[in-house]
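S.K.: Have a look at this fold, sequence not included:
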């Protein structure tokens, strides 16, 4: 915190303006509780990227950034408290990393004219920007994930999975229930049988679910888990000797910390991905030079290169890019949250932009528009190599079955629109 | 000197049996009400209402409800979270089913529905006591949460299983939804809190409350002197669940706006409310308020002191909060089993004698 005061003093002197302009990014993090395993590296990555921008570039467009961290413990009540206590500081965008908190904030933030970026989580139908004016879930959402998992299983099986049995092991919450409808539609289309197995919060108790898997012998298992649930599920799968290459997790179930407890037995476990893995990017040189070695890393500073850390970097990079778009659009450097929303809505991520940020090929290329807040929904597949101790990308970012997903998005968002008397955002 | 009965003469029976027999107490009570009703609504903002006042008022109602059951009637319950969920889901179904009806009626009806469910789960209390009853109510907790997760009728078949409070009003003032005014939601909760406290206070002073306390102190003796245990226990469950249901409805509709049953009304919620009445004081309305205020304010205060002023990492402060709450529960159970309310009572006794303690 001291260094922040220091940088503020410097920034204030340099700007020589009576009001200290800054770009505030609240980080509703969770470094405690059963989901901290994923929350800590994400929060570290998010904070470190903005620290790097401040240290290396002097902020974004000449305006310093400031990350305000608030501990939610993945708890919606604390999420509300964090939202209320940080929004007054000029918050530009909220990234709560919790589907429950996102649901809560969608109406509130929309009323307060502050955008939410639920990157690959939250309410999937928020991809319809015509209804959800302030909510963005690019580059991919839960339903893209479900479809990508099925696509991968199709690829492995030569395009025919009729008569196969696929089990979904899911966190029994809004998060885990999201893909069910998509998978049901996909099972009709491809003729596979779907087996639903709910795991209750926090997910340490999964004996009965895996016993059922052992009895029903599904050909594939898809997992929508988070936090301690991932580790337990992978361990249980190893215990019943379920073939790991047939076990595929969503992008929130594919971190090093999830597979490491099971040791070599976890080898071959697959996870979807919407951002690249590993630390083989030029950005990491800058991170080490300006942030880690300068002693300014968030948290313990030991999470660099992990999957959730990369995702935190990615979330921060997309936010920073949206700020640049907003600054160009409105011709001001110190943007407001409403201008930030415009920036997010006109965001275009290309390979050149990612390369310019030192992260070539870090995520898919996508374009956001007023109607489409969800990007193009391209998803990659990674696989755990236990010997090397790293996830390896085995399939490139590929499109998902929007024929199935788009009607579902339209249906769900139309219901929300009718329920809440929302006017069209576009046109 | 100021805090004494002397010189305050009662000339009628109602005067003699009023809640606050001491003039100073009475004026303090009116002053608190005045500040709460007349001053705070004009100065309150979003942060204060959503972070402090609303959780405090709502948890105070829940604590009053649980205190009636546990503190006054001696029936241990671990099902508070489940009963709050009943209130929340009842309110949701009523709100979406009858959008034109005032929120006041919805919340009261939600309380009534919860009272019925409470009586149903209170039936085993006629046969089992103590730990066994605690286990039976624990079963209610898990059953209710499972039910609201499993049966999609309760959440109107939404894909995510979440319930979202649509915009509803009372007398044309928005009470739920994102576009509410801070004072409106505050006043709405305050009215229910005052109503609950006054009703609970007067019930516990009357014959019903005396029956509850007789059952609590020794049920066999109470039965011999003519207290009907069926009636006493079931009314305690009904009244308690009524208040808990109201708090659950407010918690979902006014405070959070979107709720997921396992996360918002899980077993931790039952324990939180139980801790409130243990720290606040079993068998005391004031204790319910004190306990709710304590457990709502402590994390916020710690966060402001630790994170905002001292600049500590957020996770250290969050862990510190757990340590302090856990430690305090142990300290209270050993040093002052009657909670904050007992400290308040002792302070009042001392004040009565001050400045001449002999």
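M.R.: All right, it came through fine. Note that the coordinates shown come from a computational prediction; the quantities given were computed from them, not determined experimentally.

S.K.: Only C-alpha atoms from now on, for both contacts and neighbour counts.
M.R.: OK.

S.K.: residues from chain A in reach of chain B?
M.R.: A:1, A:30-32, A:69-71, A:75-77, A:80-81, A:84-85, A:100, A:103-104, A:107-108, A:111, A:172-178, A:180-181, A:200-201, A:299, A:412, A:419-420 (C-alpha under 8 Å from any C-alpha of the partner chain).

S.K.: Filter those residues down to the buried ones, ChimeraX style.
M.R.: Buried members of the residues of chain A next to chain B, identified by 16 or more other C-alpha atoms under 10 Å in any protein chain shown, are gathered into one ChimeraX selection as follows:
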select /A:30,31,32,69,70,71,75,76,77,80,81,84,85,100,103,104,107,108,172,173,174,175,176,177,178,180,181,200,201,299,412
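
S.K.: just checking, which of the residues of chain A next to chain B belong to strands?
M.R.: A:69-71 (DSSP state E).

S.K.: Tell me the one of those nearest chain B?
M.R.: residue A:71 (5.7 Å; C-alpha to the nearest C-alpha).

S.K.: And whichever residue of chain A sits closest to chain B, how far from residue A:268?
M.R.: Nearest to chain B, among the residues of chain A, is residue A:174, at 4.4 Å (C-alpha to the nearest C-alpha). Per C-alpha to C-alpha, to the nearest Å, residue A:174 is found 28 Å from residue A:268.

S.K.: Could you do residue B:116 as well?
M.R.: For residue B:116, the distance to residue A:268 - C-alpha to C-alpha - is 53 Å.

S.K.: Next: residue B:312.
M.R.: Computed as C-alpha to C-alpha, the residue B:312 to residue A:268 distance reads 41 Å.

S.K.: Could I get the contacting residues of residue B:16?
M.R.: residue B:10 (C-alpha atoms under 8 Å, 6 or more residues apart in numbering or on different chains).

S.K.: Show me where the stretch 51-200 of chain A has its helices.
M.R.: A:76-87, A:99-111, A:142-156, A:174-177, A:180-190 (DSSP state H, counting those that start in this stretch).

S.K.: is it possible to export the ones you listed to CSV including distance to residue B:131 and mean pLDDT?
M.R.: Below are the helices of the stretch 51-200 of chain A laid out as CSV (distance: least, C-alpha to C-alpha, whole Å; pLDDT from 0 to 100):
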stretch, distance to residue B:131, mean pLDDT
helix A:76-87, 30, 89
helix A:99-111, 34, 89
helix A:142-156, 44, 92
helix A:174-177, 34, 88
helix A:180-190, 40, 92
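
S.K.: Out of the ones you listed, which is closest to residue A:294?
M.R.: Judged by C-alpha to C-alpha, the one of the helices of the stretch 51-200 of chain A that comes nearest to residue A:294 is helix A:76-87, at 27.5 Å.

S.K.: starting at the chain centroid, how far to the closest one?
M.R.: Taking C-alpha atoms, centre = their mean, to the nearest Å, the mean C-alpha location of helix A:76-87 is offset from the chain mean by 20 Å.

S.K.: do the same with stretch B:205-221
M.R.: Here the centre of stretch B:205-221 is set off from its chain's centre by 21 Å, with C-alpha atoms, centre = their mean.

S.K.: Quick one: residues in contact with it.
M.R.: Identification of contacts with stretch B:205-221 by C-alpha under 8 Å, 6+ apart yields B:72-75, B:203-204, B:222-223, B:227, B:229, B:232-233, B:236.

S.K.: neighbour-wise, which of residue B:116 and residue A:268 wins?
M.R.: The neighbour comparison of residue B:116 against residue A:268 (other C-alpha atoms under 10 Å in any protein chain shown) goes to residue A:268, with 21 against 17.

S.K.: For the stretch 201-350 of chain B, which residues are neighbours of chain A?
M.R.: Residues of the stretch 201-350 of chain B lying near chain A (C-alpha under 8 Å from any C-alpha): B:256-260, B:262-264, B:311-315, B:318-319.

S.K.: which parts of stretch A:244-263 are buried?
M.R.: Quick answer for stretch A:244-263 (16+ other C-alpha under 10 Å): A:244-260, A:262.

S.K.: Just give the closest residue to residue A:414, not the sequence neighbours.
M.R.: residue A:131 (7.6 Å; C-alpha to C-alpha, 6 or more residues apart in numbering or on different chains).

S.K.: Just to check, the one you found is in contact with residue A:420?
M.R.: No. The pair residue A:131 and residue A:420 fails to qualify as a contact (C-alpha atoms under 8 Å) at a distance of 10.1 Å.

S.K.: residues shared between the contacts of those two?
M.R.: Joint contacts of residue A:131 and residue A:420 (C-alpha under 8 Å, 6+ apart) do not exist.

S.K.: among the residues of the stretch 201-350 of chain B next to chain A, which are in helices?
M.R.: B:262-264, B:314-315, B:318-319 (DSSP state H).

S.K.: what's the most distant pair in those residues?
M.R.: Maximum distance among these (C-alpha to C-alpha): 25.2 Å, for B:262 and B:314.

S.K.: What count of nearby residues applies to residue 300?
M.R.: Went with chain A since none was named. Residue A:300 sits with 11 neighbouring residues when counted by other C-alpha under 10 Å.

S.K.: not quite, I wanted chain B
M.R.: Using other C-alpha under 10 Å: residue B:300 sits among 17 other residues.

S.K.: could you pull out the helices for the stretch 101-250 of chain B?
M.R.: Counting by DSSP H, counting those that start in this stretch, the helices of the stretch 101-250 of chain B are B:103-122, B:130-150, B:182-205, B:207-217, B:219-224, B:229-250.

S.K.: Now for the closest residue to residue A:81 other than its chain neighbours: which residues touch it?
M.R.: In this structure, residue A:81 finds its nearest non-sequential neighbour in residue B:51, 4.9 Å apart by C-alpha to C-alpha, 6+ apart. For residue B:51, the contact set (C-alpha under 8 Å, 6+ apart) comprises A:80-81, A:84, B:300.

S.K.: ok, so of those residues, who is nearest residue A:54?
M.R.: Residue A:54 lies nearest to residue A:84 out of the contacts of residue B:51, by C-alpha to C-alpha, at 25.8 Å.

S.K.: Wait, that closest one touches residue B:45, no?
M.R.: No. Judged on C-alpha under 8 Å, residue A:84 makes no contact with residue B:45 at a distance of 10.0 Å.

S.K.: can you tell me which of the helices of the stretch 101-250 of chain B comes nearest to residue B:159?
M.R.: Within these, the stretch nearest residue B:159 is helix B:130-150; the backing value is 11.7 Å (C-alpha to C-alpha).
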